[in-house]
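Undergrad: the sequence isn't on hand, but the structure is:
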């Protein structure tokens, strides 16, 4: 029976594994090889000299890397604070509203990210939905918050909210009510219950949500381009420029390799923490 | 520990506020799409549906829709088939490398899509393949099949494996079991996965950007016009794209509901 299971398992995994091999691992390998090529070549048939990596330090590309990681870190922290009460409500307090909220949040994901961000431009710009109406009805206008660093962070928080909310709600749902009740009966304050029961027991959800949001927002590019007017140049932006306008594929590849190396530490950490069988409700 | 009534209400209001915030940008886009002016400024003085008329007559728009639709339809079909088997390997069969497989398919979901798109562009270039919308299908599949697999897997976790074992004990072949038992049981999961696959492909931009070559999908065109060379058709097409998605969701739910109803009737 075990042999049959092994055979069936491998056989069913095969289509998925082939896609991953052909269109995920092979391209990454090509990027890694390309990053070792001399500047501005478009084929892999040159002698590797790894010069693109020295450009990373010489031309200050680490700055955009730091901006990306910094913005990702701040937006992850904000997301954690913003989503916690909501996730708590979804897991412990709301009844049918949890379903409403889930559907509303998932549906918003189906709208192309750049349409939603463009909507924020229309909402926040001078003469936009908010400023325009305030000026017309109340006579007070204000400067547009667009094209700055805070609005980029806002865009990241907005775009990745679902990726924090759902893991968090999942994590909080695993905190047993009995433990919270017992702590309350023994005289624990709200803060003590939060710090000593909720947070430690919901930790897997917190970790997964934070890492997911951090990784995704570190790789984001549309927020800074559409909302931020490129007030900060993100690392993904630099990578894109190197490939397109710069026509320097080895440089773009080297930047990608450095970025992927940093981000994959976090991604792999998150992946090693999740127990999918448990999260997805395996019965046996 | 029942929450206080005031906490409940406060959290409910907060939840509603977040939902409003999520959809506020779409309201702006909606108003902008029926504004008559070429350059939008609020409050809108004159409304008109002329941009919708123009969008419907434009050949560019038709090409964009055809490209987006072709990609999304092929991605949906392929990812549902792959996800069906993938979910069995993920949730159902107790095989040796199951946990490794589970972690492997999470990798593309955690990966920045723009970088993945660029990596694929270089890979196609190294293979000597000229990117068209067909290569974009491959790019979408890398990201969408894992998600579809997860969705089908949730369903696969929920069903009783004793059904399959009983069929096997009665002498059914593996193929018969798949066709007669596993497939019908997983069907609701497959429909949901197909819906997700279509919508995610329809709205995807970062993967399409580098992998469609000379072809262009709707989100790509919208992005190009937002960043440079604004067109009054941007809000209009944005709303049309959203409306198409909503339509599809409603139709799918209606189909699922009708199927369930007819099943209930035949069982009586």
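TA: Ah, there it is. Because the structure is predicted, anything quoted here is derived from the model rather than measured.

Undergrad: residues touching the strand or helix carrying residue B:108, excluding its own?
TA: Per DSSP states H and E, residue B:108 falls inside helix B:107-110. Here helix B:107-110 makes contact (C-beta atoms under 8 Å, 6 or more residues apart in numbering or on different chains) with A:20, A:24, A:212, A:215-216, A:267, A:270-271, B:116, B:142-143, B:146-147. (C-beta placed from N, C-alpha, C; glycine too.)

Undergrad: neighbours around residue A:236, how many?
TA: 26 (other C-beta atoms under 10 Å in any protein chain shown).

Undergrad: so residue A:146 sits against residue A:124, correct?
TA: Yes: counting by C-beta atoms under 8 Å, residue A:146 does reach residue A:124; the two are 5.4 Å apart.

Undergrad: may I see the buried residues of the helix holding residue B:108?
TA: Applying a neighbour-count criterion of 16 or more other C-beta atoms under 10 Å in any protein chain shown, one finds B:107, B:108, B:109, B:110 buried in helix B:107-110.

Undergrad: for the longest helix that chain B contains, packing partners?
TA: Selection of the longest helix in chain B by residue count, based on DSSP state H, yields helix B:233-267. The helices and strands touching helix B:233-267, judged by 3 or more C-beta pairs under 8 Å, 6 or more residues apart in numbering or on different chains; DSSP states H and E, are helix A:113-124, helix B:5-33, helix B:50-57, helix B:59-87, helix B:183-203, helix B:218-227.

Undergrad: any stretches of chain A with poor pLDDT?
TA: For chain A, the stretches flagged by pLDDT under 70 are A:1, A:279-284.

Undergrad: centre-most residue in it?
TA: Centroid check for chain A by C-alpha atoms, centre = their mean gives residue A:216 as the closest residue, at 2.3 Å.

Undergrad: contact partners for that one?
TA: Contact partners of residue A:216, counting by C-beta under 8 Å, 6+ apart, are A:160, A:163, B:110, B:112.

Undergrad: any idea which element it lies in?
TA: Assigned by DSSP H and E, residue A:216 belongs to helix A:203-218.

Undergrad: just to revisit the earlier point, make TSV out of the buried residues of helix B:107-110 and add pLDDT and distance to residue A:87.
TA: Below are the buried residues of helix B:107-110 laid out as TSV (pLDDT from 0 to 100; distance: C-beta to C-beta, whole Å):
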residue	pLDDT	distance to residue A:87
B:107	88	25
B:108	89	25
B:109	86	20
B:110	81	20
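
Undergrad: can you add distance to residue A:65 and give the residues you listed back as JSON lines?
TA: JSON lines is the format used below for these (distance: C-beta to C-beta, whole Å):
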{"residue": "B:107", "distance to residue A:65": "21"}
{"residue": "B:108", "distance to residue A:65": "22"}
{"residue": "B:109", "distance to residue A:65": "23"}
{"residue": "B:110", "distance to residue A:65": "18"}
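
Undergrad: that older thread, residues of the helix holding residue A:216 that come out buried?
TA: Burial within helix A:203-218, assessed by neighbour count using 16+ other C-beta under 10 Å, is assigned to A:204-218.

Undergrad: biggest separation within those, which pair?
TA: Spanning the widest gap among those are A:204 and A:218, at 21.3 Å by C-beta to C-beta.

Undergrad: which residues in the stretch 51-200 of chain A form helices?
TA: Assigned helices in the stretch 51-200 of chain A, in chain order: A:51-58, A:61-88, A:96-109, A:113-124, A:129-137, A:149-173, A:177-185, A:190-193, A:199-201 (criterion: DSSP state H, counting those that start in this stretch).

Undergrad: how many neighbours does residue 68 have?
TA: Just going to use chain A. 27.

Undergrad: that was the other one, I meant chain B.
TA: Using other C-beta under 10 Å, residue B:68 is surrounded by 27 other residues.

Undergrad: now residue A:23
TA: Neighbourhood size, residue A:23 [other C-beta under 10 Å]: 24.

Undergrad: which residue packs closest to it, ignoring adjacent ones?
TA: Nearest residue to residue A:23, sequence neighbours excluded (C-beta to C-beta, 6 or more residues apart in numbering or on different chains): residue B:142, at 4.5 Å.

Undergrad: so for that neighbour, what's the pLDDT?
TA: Reported pLDDT at residue B:142 in the predicted model: 94.

Undergrad: so it, which of the three states?
TA: Put simply, residue B:142 is helix when judged by DSSP: H, G, I helix; E, B strand; the rest coil.

Undergrad: got the phi and psi for residue A:231?
TA: Main-chain dihedrals, residue A:231, degrees, to the nearest 10: phi -60, psi -30.

Undergrad: residue A:152 is in contact with that one, correct?
TA: Yes: using C-beta under 8 Å, residue A:231 is in contact with residue A:152, at 6.5 Å.

Undergrad: neighbour count: these two, which is higher?
TA: The residue with more neighbours, out of residue A:231 and residue A:152, is residue A:152; 28 against 15, by other C-beta under 10 Å.

Undergrad: now for the closest residue to that one other than its chain neighbours, how many residues are close by?
TA: Once flanking residues are discounted, residue A:152 sits nearest to residue A:228: 4.0 Å by C-beta to C-beta, 6+ apart. Using other C-beta under 10 Å, residue A:228 has 25 neighbouring residues.

Undergrad: list the contacts for residue A:228?
TA: With the criterion set at C-beta under 8 Å, 6+ apart, residue A:228 makes contact with A:146, A:147, A:148, A:149, A:151, A:152, A:155.

Undergrad: what is the burial count for the residue lying closest to residue B:205 once chain neighbours are set aside?
TA: Take residue B:205 and drop its neighbours on the chain: the residue closest to it by C-beta to C-beta, 6+ apart is residue B:219, 3.9 Å away. The local packing of residue B:219 (other C-beta under 10 Å) involves 26 other residues.

Undergrad: ok, residue B:30 next?
TA: Neighbourhood size, residue B:30 [other C-beta under 10 Å]: 18.

Undergrad: check the gap between it and chain A for me.
TA: From residue B:30 across to chain A, the span is 9 Å (C-beta to the nearest C-beta, to the nearest Å).

Undergrad: grab the nearest non-local neighbour of that residue.
TA: Once flanking residues are discounted, residue B:30 sits nearest to residue B:239: 5.7 Å by C-beta to C-beta, 6+ apart.

Undergrad: ok, now how distant is the closest residue to residue A:34 other than its chain neighbours from residue B:199?
TA: Distances taken as C-beta to C-beta, 6+ apart place residue A:253 nearest to residue A:34, at 3.9 Å, with adjacent residues excluded. When distance is defined by C-beta to C-beta, to the nearest Å, residue A:253 is 32 Å away from residue B:199.

Undergrad: from the stretch 101-250 of chain B, which residue is nearest to chain A?
TA: Going by C-beta to the nearest C-beta, chain A is nearest to residue B:112 of the stretch 101-250 of chain B, at 2.5 Å.

Undergrad: leaving out the residues flanking it, which one is nearest to that residue?
TA: residue A:219 (2.5 Å).

Undergrad: which residues touch residue 240?
TA: The chain I'm using is chain A. By C-beta under 8 Å, 6+ apart, the contact set of residue A:240 is A:221, A:252, B:114, B:118.

Undergrad: try chain B instead
TA: Counted by C-beta under 8 Å, 6+ apart, residue B:240 has contacts B:52, B:55.

Undergrad: go again with 7 Å.
TA: Neighbour list for residue B:240: residue B:55 [criterion: C-beta atoms under 7 Å, 6 or more residues apart in numbering or on different chains].

Undergrad: tell me how far it lies from residue B:56.
TA: For residue B:240, the distance to residue B:56 equals 9 Å [C-beta to C-beta].

Undergrad: go on, residue A:143?
TA: Using C-beta to C-beta, one gets 38 Å for the distance from residue A:143 to residue B:56.
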